[in-house]
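>>> okay, predicted coordinates and the sequence, questions at the end:
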Amino acid sequence: MTAPGKQRLFLDTPVTYLKGVGPVRADALRRLGIVTAGDLVFHVPHRYEDASTVTPIRALEPGMQGTIVGTVISKGVIPTRKGLRIFQAVLRDETGMMEVSWPGQPFLDRTIAKGDVLLVTGNVRFFHGRQLQPREFINLGDEEDGAMAQGRVLSVYPATDGLSFKLIRSIVDAHLDALLPLVKEYLPADVLKKAGVPGVADALRMVHRPSSIAEAMTGRSRLAFEELFFVQLLHQRAKELARDRRAGIRFVSKRTLTTTLREGLPFQLTGAQVRAIREIFADMTSDRRMQRLLQGDVGSGKTIVALFAALLAIENGYQAAIMAPTELLAEQHTRTMTRMLAPLGIEPILLTGSLPARERKAIAKRLATGEPVLVVGTHALVQDATSFANLGFAAIDEQHRFGVEQRKALGAKGESPDVLLMSATPIPRSLALTLYGDLDLSMLDERPPGRKPITTALRRESGRARVLQFVDRQVEQGRQGYIVYPVIEESEKTDLKAATTMFELLTAGPFAERRVALLHGRIPGDERDDIMRRFRDRELDLLVATTVIEVGIDVPNATVMLIEHPERFGLSQLHQLRGRVGRGADEAYCILLGDVSPDVADRLQIFTGTEDGFEIAREDLRMRGMGDLFGERQSGVPTFKIADPIRDEELNERAREAAEALLARDAGLERAEHAGLRRVLGERYARSLELFRVG
């Protein structure tokens, strides 16, 4: 490490000793994760403003888009009749003046001063003269800063209190020439060549001092690629080590029960189902324990695939278990499977927490004998009192609803049962391979034939009466429906309609003659289950609910889904809700009700225009980010700082192929030419210590 008095820099030099950085700024940099000079050079911009293609103010006309650089000669906040406060500034360059307005952002009056130079990008419109409404803007500071910025691509860095992006840019710029030669390449040359990305030092220069936006993106692609490449290396290595360690049951495909089931099905399996069954059977007939994720859209037929796998275990004399997140879903699976398995002489056992103690004891006693049976249940399957003498296969439905420990507990019930996780949350394949890299993946990307499309439409608030009349007509014809709200109770902070309030209004008004129930997450679990059972058994006409129905049960008679405030839901969540209807032979409808902004309307058009859950998930991820779709991040998945597995889908595929090829020739990264790669992996990911024994 460099001593305080020396001028020479190293990558491990503390930022406190960098020129222009004292203790106060060092503390601010630490909040951004920047502790050393090396951290600083890898703190890359999160966006850019292109001052190299500035349009003279005089040349801009209404209807055009443009970027201008001008000095603020006047400014102020203007109130409107509707209470909206608009910050306006007049900018001047060598060719003329233009008014720029920021509706609803009066706080800018405190941060923009007369004499400041702004770089502004946006649409030009005519409103009492030419006016530009910014999509992006940067305060370049005074006239001198503005003159220096023109003609350049400006890097905008993640900043923090007390440390603006301009100050960070000046610190980076002051030390970049000294630091770049210290950054040694750590990715193998053949990996770089095949991926088509630049070396690390060139990439860092490109992202910090780009000559164009295209060059900045080229540099970014290298840094994004290496993040994806590292994650793929870790996942693929972990998967191979796990395979080597996990001896499994070698089942034999006897084709007694499985063939009988297939021949007796009243429908044809989809190509995707056949492919998934083949992949699962290949796992189960090998000597390695299966750890596979079966991912399928709403209604894609995951349950029947799991049933074939369970029968393979049973025809080999083993027990099989399928775990569902709710008693209602477990009951539904049991009823469905009982009908399918009746010709085979097999009757599934239902095991839930609400069963009388005497029945649970009788089931436990039966399981302890080792009799080859199929058990369908809830978390009761993983309780200590439940013991399998000969568990060979375990499937976990809606696996994201269970904790990691519950999933492990079911897998630990036998000696080494094959495990199949199932998820109805559609995830594009490239992202699924990244999130669930430790698992093998099967995807059901076809819907069973005969399923009618669900008519989906967005309706304005002015059409509320007609929409409610339509719902009532559906009930009049003997159908059922859901009315969904984003919140349980009203709040002073928002003007959202709430389930509890609307339940009172709807039952006192348009649905006064109908059987309506309220369902939300604060209702006790046993009471919720009772309401859903009554709805399933047609004792109720309508459910006024929150998203608690998102993972529900199969109610073929439900034909209409009305969702209020659709702007409050992600596209994937709307798709899950829509999947509650259209499960029978009748026409089904999903209606989104509310006045939304043009941007939201464009987003919702994606949902109304397709029923492909994978395409909807891809768009949802592009617009809302991974965190919004998955809630808490998947355990053990590194956070991406630069890469985005959806935006960088092609890059992610290249990273996967590169990792696969590298591990094929040097599984432990033990060759001398991979020393730098091992070192960087060890520095960035503690998990790699156990996988590659990095010192």
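Arrived safely, thanks for sending.
>>> which ones are touching residue 470?
Neighbouring residues of residue 470 by Cβ atoms under 8 Å, 6 or more residues apart in numbering: 560, 589, 591. Using the backbone N, CA and C atoms, a C-beta is placed for each residue, glycine as well.
>>> tell me what residue 75 is bridged to.
residue 89 (DSSP bridges).
>>> and the contacts of residue 470, which of them are in strands?
The strands, defined by DSSP state E, take in 560, 589, 591 from the contacts of residue 470.
>>> surely the last one meets residue 561?
It refers to residue 591. Yes - using Cβ atoms under 8 Å, residue 591 is in contact with residue 561, at 7.2 Å.
>>> just checking, what packs against the helix or strand hosting residue 242?
Assigning secondary structure by DSSP states H and E places residue 242 in helix 213-245. In terms of contacts (3 or more Cβ pairs under 8 Å, 6 or more residues apart in numbering; DSSP states H and E), helix 213-245 is packed against strand 47-50, strand 153-156, helix 189-195, helix 200-208, helix 429-435, helix 649-665, helix 675-684, helix 688-692.
>>> who wins for proximity to residue 617 among those?
helix 429-435 (8.4 Å; Cβ to Cβ).
>>> name the residues of the closest one that are buried.
430, 431, 432, 433, 434, 435 (16 or more other Cβ atoms under 10 Å).
>>> go on, stretch 191-205?
191, 192, 195, 197, 198, 199, 200, 201, 202, 203, 204, 205.
>>> cool, and stretch 123-136?
Going by neighbour count (16+ other Cβ under 10 Å), the buried part of stretch 123-136 is 124, 130, 131, 132, 134.
>>> which of those lies closest to residue 640?
Nearest to residue 640 among those is residue 134, at 28.8 Å by Cβ to Cβ.
>>> pretty sure the closest one contacts residue 102?
Yes - the criterion here is Cβ under 8 Å, and residue 134 meets it with residue 102 at 6.5 Å.
>>> now the strands: where do they sit in the stretch 1-150 of the chain?
Taking DSSP state E, counting those that start in this stretch, the strands of the stretch 1-150 of the chain run over residues 47-50, 65-79, 85-93, 96-103, 117-126, 130-141.
>>> now do the longest one, average pLDDT.
Spelled out, that is strand 65-79. Here strand 65-79 scores 90 as its mean pLDDT.
>>> mind checking how far that strand is from the chain centre?
38 Å (Cα atoms, centre = their mean, to the nearest Å).
>>> report the angle between it and strand 96-103.
For strand 65-79 against strand 96-103, the angle by axes from the mean of the first three to the mean of the last three Cα atoms, to 10 degrees is 60 degrees.
>>> can you name every helix or strand that strand 65-79 contacts?
Judged by 3+ Cβ pairs under 8 Å, 6+ apart, strand 65-79 is in contact with strand 85-93, strand 96-103, strand 117-126, strand 130-141, helix 143-149.
>>> if we use 7 Å, what do you get?
If you count contacts as 3 or more Cβ pairs under 7 Å, 6 or more residues apart in numbering; DSSP states H and E, strand 65-79 packs onto strand 85-93, strand 117-126.
>>> a markdown table for those, including distance to residue 290 and mean pLDDT?
Formatted as a markdown table, these follow (distance: least, Cβ to Cβ, whole Å; pLDDT from 0 to 100):
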| stretch | distance to residue 290 | mean pLDDT |
| --- | --- | --- |
| strand 85-93 | 60 | 92 |
| strand 117-126 | 53 | 86 |
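>>> reformat those strands as TSV; add distance to residue 440.
Below are the helices and strands packed on strand 65-79 laid out as TSV (distance: least, Cβ to Cβ, whole Å):
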stretch	distance to residue 440
strand 85-93	55
strand 117-126	46
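>>> relative to residue 529, which of the ones you listed is closest?
Proximity to residue 529 (Cβ to Cβ) singles out strand 85-93 among those, at 50.1 Å.
>>> list the buried residues in the closest one.
By 16+ other Cβ under 10 Å, the buried positions in strand 85-93 come out as 87, 88, 89, 90, 91, 93.
>>> and the strands of the stretch 1-150 of the chain as a markdown table, adding distance to residue 342?
Shown next, in a markdown table, are those (distance: least, Cβ to Cβ, whole Å):
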| stretch | distance to residue 342 |
| --- | --- |
| strand 47-50 | 61 |
| strand 65-79 | 66 |
| strand 85-93 | 70 |
| strand 96-103 | 66 |
| strand 117-126 | 65 |
| strand 130-141 | 63 |
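>>> before we move on, the earlier item: of the buried residues of strand 85-93, which is the nearest to residue 613?
residue 87 (42.1 Å).
>>> doesn't residue 311 belong to a strand?
No - when DSSP: H, G, I helix; E, B strand; the rest coil is applied, residue 311 is found to be helix, with no strand at that position.
>>> for it, grab the count of nearby residues.
25 (other Cβ atoms under 10 Å).
>>> going forward, the N-terminal residue is numbered 95.
Right, with 95 as the first residue, what we last looked at is residue 405.
>>> excluding residues flanking it in the chain, which one is nearest it?
In space, residue 405 comes closest to residue 351 once its chain neighbours are excluded; the distance is 4.2 Å by Cβ to Cβ, 6 or more residues apart in numbering.
>>> isn't the one you found right next to residue 409, touching?
Yes - Residue 351 is within contact range of residue 409, at 4.4 Å (criterion: Cβ atoms under 7 Å).
>>> where along the stretch 595-744 of the chain do the helices fall?
For the stretch 595-744 of the chain, the helices defined by DSSP state H, counting those that start in this stretch cover 619-630, 665-672, 692-703, 707-718, 720-724, 743-759.
>>> please identify the most buried of those.
Among those, ranked by average contacts under mean count of other Cβ atoms under 10 Å, first place goes to helix 665-672 (a mean of 24).
>>> from the buried residues of stretch 217-230, which two are the most distant?
For the buried residues of stretch 217-230, the farthest-apart pair by Cβ to Cβ is 224 and 228; their separation is 13.9 Å.
>>> what's the average pLDDT for stretch 129-144?
pLDDT averaged over stretch 129-144 gives 90.
>>> could you do stretch 678-698 as well?
Averaging pLDDT along stretch 678-698 yields 91.
>>> try stretch 446-453
For stretch 446-453, mean pLDDT rounds to 89.
>>> stretch 717-733 now?
Across stretch 717-733, pLDDT averages out at 50.
>>> what does stretch 582-602 give?
On average, the pLDDT along stretch 582-602 is 84.
>>> which of the helices and strands packed on helix 307-339 sits closest to residue 538?
Closest to residue 538 of those, according to Cβ to Cβ: helix 523-529, at 11.8 Å.
>>> contact partners of that closest one?
Contacts to helix 523-529, defined as Cβ atoms under 7 Å, 6 or more residues apart in numbering, come from residues 325, 389, 521, 535, 537, 728, 731, 739-740, 743, 746-747, 750.
>>> list just the nearest of the residues you listed to residue 583.
Relative to residue 583, and with distances defined as Cβ to Cβ, the nearest of the contacts of helix 523-529 is residue 728, at 31.4 Å.
>>> list the contacts for residue 545?
Neighbours of residue 545 in contact, by Cβ under 7 Å, 6+ apart: 393, 676.
>>> for residue 103, which non-adjacent residue is closest in space?
In space, and not counting its chain neighbours, residue 103 is closest to residue 272: 5.0 Å by Cβ to Cβ, 6+ apart.
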